[in-house]
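**Student:** Just need the structure, nothing else, for what follows:
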Amino acid sequence: MHGELQELGRAVKQAQYRQHRALDSALSAIGTTLAQWDALRAISRSPGASARELAAATFQTEQAFGTLVGRLTVQGLVERRPGHGRRIAHHLTPAGEQVLAAGHKVADEVLADCFSALPDADRATLLDLLKRLTAERDM
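**Tutor:** Reported below is the predicted structural model:
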């Protein structure tokens, strides 16, 4: 039993690794990285969010996200504004919106290729199974 579970875990990790490598490589053609594009995506989904919220949404530490968003700010893709209290709110600039849109096109192409071996019904099943695995569990 444990061998099968370990094989399953490794297969999930391998699929993720291949997907990330392909996305990072393709996104470099538009001048960004997967981590940067993911940060832009998170900010777009939650304009005005704090670094803590955005770090959690992008699976990073607050410190790592702060460094990343600092680079995005220097590049003119993200704007930091005063929020409530000491909170800093993050927003995309028009240039950030453009990079995000270009990244969506790239990601759609890469992900279509990554999942091309699976028919639509299998992709839907896989998505459902992964959502069930990652759903917050009541404690």
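**Student:** what ranges do the strands span in the chain?
**Tutor:** Taking DSSP state E, the strands of the chain run over residues 78-82, 88-92.
**Student:** Of all those strands, which one is nearest Gly3?
**Tutor:** Between Gly3 and the strands of the chain, the shortest gap by Cβ to Cβ is with strand 88-92, which sits at 44.4 Å. For every residue, glycine as well, the C-beta is placed using N, CA and C.
**Student:** Go ahead and confirm Ala26 touches Asp108.
**Tutor:** No - using Cβ atoms under 8 Å, Ala26 makes no contact with Asp108, being 10.4 Å away.
**Student:** Just want to know which of these two has more residues nearby.
**Tutor:** Comparing Ala26 with Asp108 by other Cβ atoms under 10 Å, the one with more neighbours is Ala26, at 18 against 10.
**Student:** picking up where we left off before, winner for burial among the strands of the chain?
**Tutor:** Per residue and on average, the most neighbours among the strands of the chain fall to strand 88-92, with a mean of 18 (mean count of other Cβ atoms under 10 Å).
**Student:** mind checking how far Ala102 is from His2?
**Tutor:** Ala102 sits 44 Å away from His2, going by Cβ to Cβ, to the nearest Å.
**Student:** Next, name the residue at the spatial heart of this protein.
**Tutor:** Asp38 (3.5 Å; Cα atoms, centre = their mean).
**Student:** Scan this structure for its longest helix.
**Tutor:** In the chain, with assignment by DSSP state H, the single longest helix is helix 2-28.
**Student:** Quick check: the residue nearest to the centre of the chain touching Ala64?
**Tutor:** No - the pair Asp38 / Ala64 is not scored as a contact, 11.9 Å apart, by Cβ under 8 Å.
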